[in-house]
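**Student:** mind looking at a prediction? Sequence and model below.
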Amino acid sequence: MFDLLISAPQLQEGLKSPGWLVFDVRHDLADHEAGRRAYEQGHVPGAIYLDHERQLAAPKTGRNGRHPLPELGQFAALMKLQGLTPATQVVVYDGGNSMFAAHLWWMLHWLGHERSAVLDGGWPAWLDAGGAVETKVNVGSLTEARALEALDYGSAPAMPTADAAAVLANLDAPAFTVLDARAANRFRGEVEPMDPVAGHIPGALNRPNSLNVQSDGRFKPAAALRAEFEAVLGGRDPSLVVHQCGSGITACHNLFAMELAGLKGSALYPGSWSEWCSDPSRPVAKGSE
């Protein structure tokens, strides 16, 4: 079973057997059609394309962030429509740095499907390994296509989350540490290309998710990741860490990297900064602290 990383050669070998399901989640936050175009130009044989804006997020209200987490049952129904069963080995990949792949990986583990892994290095790694290329379109079905009972994983999420109310309460009575995955200049409030307010949640620490990967997009070795995260966390218990970013996507990259490093049990604040800053009554900090 693969539940964290899988290499391109391992995926090539695995696809020789039945029971594998591959999702292509290439995406561009500045061009929402870019991922679909890239998929149509070529993808891992049999891979199903899923759209982060239309299928992997709930409807936006203006107060729930840029990529609201769907209800667990709705996500389970979506996965069942793609052919997921409890015995399926899932592999997720994106354009290379695994930012979007890690998000779907987290969602699958949130559902309770542990047989889910990220293709290390994404699409470029597949090509570098001489992987076959398919152009047939296998677009994921929308949950609205037909009514389905959700996959039987139980009603309770298998990965912990924190909402805005919990993060707000944590400011006065600290029980966990918020770790922000955005770039350092966004964290400090010097620039803000995506959201209407610059800055960060007071008391949060910063660990840009870009530091998790090497120049080829593959994740750093687990030992290196562990040392780097421990240096940021300063002895804090990983299970008392809540990850956030702009909209809950790159936060999953940090969470995944910590799991890869053996620092397990962190939670996700799905709404993240885009939800937090939508309410002007919530405090905003700037600078390095």
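**Tutor:** Sure, I can see it.
**Student:** low pLDDT regions in the stretch 101-250 of the chain?
**Tutor:** Filtered on pLDDT under 70, the stretch 101-250 of the chain yields the residue ranges 140-156.
**Student:** rerun that using 50 as the cut-off
**Tutor:** Counting by pLDDT under 50, the stretch 101-250 of the chain contains low-confidence ranges at 143-148.
**Student:** all strands of it, in order?
**Tutor:** Counting by DSSP state E, counting those that start in this stretch, the stretch 101-250 of the chain has strands at residues 116-119, 177-180, 205-206, 241-244.
**Student:** now those in JSON lines, with distance to S281 and mean neighbour count?
**Tutor:** In this view, the C-beta of every residue, glycine as well, is placed from N, C-alpha and C. As requested, these are exported to JSON lines (distance: least, C-beta to C-beta, whole Å; neighbours: other C-beta atoms under 10 Å):
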{"stretch": "strand 116-119", "distance to S281": "37", "mean neighbour count": "26"}
{"stretch": "strand 177-180", "distance to S281": "18", "mean neighbour count": "24"}
{"stretch": "strand 205-206", "distance to S281": "23", "mean neighbour count": "16"}
{"stretch": "strand 241-244", "distance to S281": "18", "mean neighbour count": "27"}
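**Student:** mind listing what the spatially closest residue to M159 that is not a sequence neighbour touches?
**Tutor:** Nearest residue to M159 in three dimensions, chain neighbours excluded: W110, at 4.1 Å (C-beta to C-beta, 6 or more residues apart in numbering). The neighbours of W110, taking C-beta atoms under 8 Å, 6 or more residues apart in numbering as the test, are L72, F75, P157, A158, M159, T161.
**Student:** and for the first one, the neighbour number?
**Tutor:** L72 is flanked by 19 other residues according to other C-beta atoms under 10 Å.
**Student:** next one: the most centrally placed residue in the chain from D128, what distance?
**Tutor:** In the chain, the centroid-proximal residue (C-alpha atoms, centre = their mean) is H103; its distance is 1.4 Å. With distances taken as C-beta to C-beta, to the nearest Å, H103 is found 23 Å from D128.
**Student:** related to what we said a few turns ago, what subset of the contacts of W110 is buried?
**Tutor:** With burial judged by 16 or more other C-beta atoms under 10 Å, the buried subset of those is L72, F75, P157, M159, T161.
**Student:** redo those as JSON lines? Include distance to R186.
**Tutor:** Rendered in JSON lines, the data for the buried ones among the contacts of W110 read as follows (distance: C-beta to C-beta, whole Å):
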{"residue": "L72", "distance to R186": "30"}
{"residue": "F75", "distance to R186": "28"}
{"residue": "P157", "distance to R186": "28"}
{"residue": "M159", "distance to R186": "25"}
{"residue": "T161", "distance to R186": "22"}
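**Student:** ok, these vs V213, which is closest?
**Tutor:** Taking C-beta to C-beta as the measure, V213 lies nearest M159 of these, at 21.6 Å.
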